[in-house]
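Chemist: Got a predicted model here, sequence first, then my questions.
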Amino acid sequence: MKRLSDYRDIQDIKSMKFSELDEFAEEIRQFLIESISKTGGHLASNLGVVELTLALHKVYNSGKDKIVWDVGHQAYVHKILTGRKDEFPTLRQYRGLSGFPKRKESPHDVFDTGHSSTSISAGLGYAMSRDILAENYQVISVIGDGAMTAGMAFEALNHAGDKKTDFTVVLNDNEMSISENVGGLSRYLYKVRTEKVYQKVKEDMETIVGNIPGIGKMMLKTAEKAKDSVKYFFVPGMFFEELGFKYFGPIDGHDIESLAEVFEKAKHVKGPKLIHVVTKKGKGYAPAEQNPEKFHGVSPFDIETGKSLSKSSKTYSDVLGETILDMGEERQNIVAITAAMPSGTGLDKFKDRFPERFFDVGIAEQHGVTLAAGMAANGLKPFFAVYSTFLQRAYDQVIHDVCIQNLPVVFGIDRAGLVGNDGETHHGSFDISYLSHMPNMTIISPKGEKEFKSMIAFGAEFEAPLAIRYGKGVCCDFVDYGEYPEKDIEYGVSETIVQGEEVAIIAVGRMVEVGYKVAKRLELEGRNITLVNARFIKPVDLEMVENISRTHRAIVTIEDNSIVGGFGSMVNTELLKLRYSGEVVNLGIKDEFIEHGDNEDLYRELGLDEDSVYRLIDKSFFKE
Ligand SMILES: Cc1ncc(C[n+]2csc(CCOP(=O)(O)OP(=O)(O)O)c2C)c(N)n1
Ligand SMILES: CC(=O)[C@@H](O)[C@H](O)COP(=O)(O)O
Ligand SMILES: [Mg+2]
């Protein structure tokens, strides 16, 4: 038996016996638990796919064959097996190993991911191009039951089933998305898994009917017909077969030998194949098996107890959840929508209190937006809480279904700005850019808890599309203004926090805190500075911009959005119209994809931390 410490490469897996692989799986599991308990990361999904990943590498030749992971949060075992085990102490850290597949990290990572439900399209792309180029290899897309709820996965299944290209989809069914999986497909998969029960019901029906004295025989004929129709509906995988796939399963996803046998068999069947594998999320670590949602993505934790080692503080998502819950009590027309992120967005409390007014649509951001639009058109007040990065999926629906009809949907744009360890696929760097050019859309952003609550209340009354953007993590309790008490939210009006007359900082959302600290530091040095909290990103407060342009010799905008098409460029447009002749600096996320790491490091690298902003303003505008 090979120890994980002696493991060299995937050839070792090919030479191991199945009994050895079973023991090897346990070693990998221990390694995952120990390593992720220190770095944090996506634990439960990876514990669930240890045997599946070993079986894939036993049968297929990664390097030549293409294994395409969906979302990619479950590719840690694949990374361990393909030469990256020693880098796990750096997982998801700045300049360290990514938490998702990256082509630039290894030739075994054939497609970059992070967002869900792309694997069937990408895999089919590989398979069809292989055929065109007359190449010869297997393509295997591994997709979870949660990821399978997205429209994109269905679009790809529909196409693949029609093309008849040689291609394998492995459906990893653990009955979980991040939370419990939802929807008709999820119910269908449940039926398929429990198919034996239905078989038994059919047999029982036959016996019971046959034994009814007098009419038993007559009814048996009718029952035969009924039995056939029952059989038709419950043939496992019929849905996939009808789409054009050869269905295999359901297979115990923790039995390496059975998995390998089916993969081997499937290799010799031509055309599209779907292998339905049943696994347990969190397998082998009791706290994760008991609470797979909590262990989907974790910060460092104590292995013994499963308890997180991080201090828990109130987040922006918590504030959204609490505030909507309170408003839901008073207003019957408020409904809350999430696309598979009930706990991440803080809507889980609303779900428990008002299940009839809460909708988890699955990983279906596009549908979520248009569902909200339909509800708004009929008089309800939908709050769709969605991560900035995932709303990118529904760009057209926001324009076509919400903005053109000027419908009063409130978007809670969570995880706006950098999100840290998930990296480039997940940073919320673009929402101001992609929402601000939509006519009828208003965009606001709070600097802290009190203002956030006022903005949510403002949203409940607002009669047009509204996006409230806020960041990941601890909600700033920005209360200490001294002589500048916080005013109520008024449409299109900013908030001046520090009034000066030489250099003005206009900051957006959580960057107001940075601006405030910088302004206070400069004030202490006798510098004359103004700090404005934009509050309204769109529309820009024109009166404020005009006043500042008349009285200040320099203007600095700060935002945690891409510098391209962001708040700064909207201010610039106004300053151009005003023929402003002072100096203007726009600070924001540079026009690049930002890698993973701690947010503190990333913001420092981008020059968006307090020290960098202070140095820049001091050096550019005050040092003679
Ligand atoms: C477009 C998009 N929306 C939401 C997410 C957040 N997300 C990441 S993993 C996940 C659940 C995936 O469930 P499944 O595919 O079954 O994998 P499992 O975690 O069960 O292994 C969700 C909702 C995402 N990555 N991409
Ligand atoms: C893989 C994925 O998309 C999610 O699991 C994401 O990592 C969650 O992010 P938060 O931890 O910010 O909720
Ligand atoms: Mg799942």
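Modeler: Cool, got the structure. Ligands and ions are numbered 1, 2, ... in the order given.
Chemist: give me the element residue 561 is part of.
Modeler: Taking DSSP states H and E as the criterion, residue 561 maps to strand 554-562.
Chemist: correct me, but residue 46 touches residue 72?
Modeler: No. If you go by C-beta atoms under 8 Å, residue 46 and residue 72 don't touch, sitting 11.0 Å apart. All C-beta spots, glycine's among them, are computed from the backbone N, C-alpha and C.
Chemist: for ligand 2, what are the nearby residues on the chain?
Modeler: Taking C-beta under 6 Å from any ligand atom as the contact definition, the chain meets ligand 2 at 71, 73, 178, 296-297, 344, 415, 419, 422, 472.
Chemist: Would you pull up the residue in the stretch 301-450 of the chain closest to ligand 2?
Modeler: Nearest residue of the stretch 301-450 of the chain to ligand 2, counting by C-beta to the nearest ligand atom: residue 344, 3.8 Å away.
Chemist: Near the closest residue to residue 90 other than its chain neighbours, how many other residues are there?
Modeler: Computed as C-beta to C-beta, 6 or more residues apart in numbering, the closest residue to residue 90 that is not its neighbour in sequence is residue 96, at 2.7 Å. When neighbours are counted by other C-beta atoms under 10 Å, residue 96 registers 17.
Chemist: And for the one 10 residues further on?
Modeler: Residues within reach of residue 106, counting by other C-beta under 10 Å, total 17.
Chemist: per-residue confidence for it?
Modeler: As predicted, residue 106 sits at a pLDDT of 98.
Chemist: again, but for residue 464
Modeler: In this prediction, residue 464 has a pLDDT value of 98.
Chemist: hang on, the earlier thing: and the following helix or strand past the strand holding residue 561, what's its mean pLDDT?
Modeler: Later in the chain than strand 554-562, the nearest helix or strand by DSSP H and E is helix 567-577. For helix 567-577, the mean pLDDT works out to 98.
Chemist: Quick one: list the elements packing against the helix or strand that helix 567-577 is followed by.
Modeler: Using DSSP H and E, the helix or strand that follows helix 567-577 in sequence is strand 583-589. Secondary-structure packing of strand 583-589 (3 or more C-beta pairs under 8 Å, 6 or more residues apart in numbering; DSSP states H and E): strand 554-562, helix 567-577, helix 610-617.
Chemist: Just tell me which of these ends up closest to ligand 3.
Modeler: Of all the helices and strands packed on strand 583-589, strand 554-562 sits nearest to ligand 3, with 31.5 Å by C-beta to the ion.
Chemist: And the nearest residue to residue 267 once chain neighbours are set aside, how far from ligand 1?
Modeler: Nearest non-adjacent residue to residue 267, counting by C-beta to C-beta, 6+ apart: residue 138, 6.4 Å away. As judged by C-beta to the nearest ligand atom, to the nearest Å, residue 138 and ligand 1 stand 22 Å apart.
Chemist: Could you report the pLDDT at residue 138?
Modeler: Here, the pLDDT recorded for residue 138 equals 98.
Chemist: which residues sit in contact with it?
Modeler: Contact analysis of residue 138 by C-beta atoms under 8 Å, 6 or more residues apart in numbering lists 60, 65-66, 166, 168, 267.
Chemist: Domains in the protein, by residue range?
Modeler: Domain segmentation of the chain under automatic domain parsing yields 4-290, 316-469, 495-622.
Chemist: thinking again about what came up before, so which of the residues of the chain next to ligand 2 wins on neighbours?
Modeler: Counting neighbours by other C-beta under 10 Å, residue 415 comes out on top of the residues of the chain next to ligand 2 with 28 neighbours.
Chemist: Where does pLDDT dip in the protein?
Modeler: Residue ranges of the chain with pLDDT under 70: 1, 196-234, 479-484, 624.
Chemist: run the last query once more with 90
Modeler: Within the chain, the segments meeting pLDDT under 90 span 1-2, 164, 193-237, 311-312, 474-487, 623-624.
Chemist: Which residues of it lie near ligand 3?
Modeler: Within the chain, the residues that sit near ligand 3 (C-beta under 5 Å from the ion) are 144-146, 174, 176.
Chemist: If we check ligand 1, which of those are in contact?
Modeler: Within these, those near ligand 1 by C-beta under 6 Å from any ligand atom are 144-146, 174, 176.
Chemist: and the residues you listed, which are buried?
Modeler: Among those, those scoring as buried are 144-146, 174, 176 (criterion: 16 or more other C-beta atoms under 10 Å).
Chemist: from these, which ones fall inside strands?
Modeler: Among these, the members falling in strands (DSSP state E) are residue 144.
Chemist: From the buried ones among the ones next to ligand 1 among the residues of the chain next to ligand 3, pick the one nearest residue 361.
Modeler: Using C-beta to C-beta, residue 146 comes nearest to residue 361 of those, at 12.1 Å.
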